[in-house]
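return atomic coordinates for the entry below.
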Amino acid sequence: MLLTNLNNIDDVFDRFFKTEPYIRNFTTAGSHNIEHDDDGATLTMNVPGYNKKLIDVSVDGEHLVIEGKSNSGNLDGFTRKFNLGDSVDVDGIEATVVDGVITLSLPYLEEVKPKKLQ
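The predicted structure follows:
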């Protein structure tokens, strides 16, 4: 009887906290790190199982959008958005994908880079 009640509780929680598959699989792709220096920022994000053919990087307004396409295998699609603000030189963004990690170089605009006094 107790086991049946616990199963019912699980059902109640599952229905109440219903999540879409892309939310449940968040840990598959998306853990990231951002490092800053005087010239810009470097964003690295884990995308295990994805290669450059399955990833699209775009800029939508002030957002950097990284999308992983689903395939016929075990990969679900994902989308991550990062706020760029107005300090990144959008035309200078570069991306590479190596061994399940995407690395994006996000250079700052010249006018927002720190100036060194002579």
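
check what pLDDT the residue nearest to the spatial centre of the chain gets.
For the chain, the residue nearest the mean C-alpha position is R80 (3.8 Å; Cα atoms, centre = their mean). The predicted local confidence for R80 comes out at a pLDDT of 90.

which residue sits closest to N33, ignoring its sequence neighbours?
The spatial neighbour of N33 that comes closest, neighbours along the chain excluded (Cβ to Cβ, 6 or more residues apart in numbering), is T44 at 5.1 Å. For every residue, glycine as well, the C-beta is placed using N, CA and C.

are we agreed that the one you found is in a helix?
No: per DSSP: H, G, I helix; E, B strand; the rest coil, T44 lies outside any helix segment and is strand.

separation between it and G92?
Here the distance between T44 and G92 works out to 17 Å (Cβ to Cβ, to the nearest Å).
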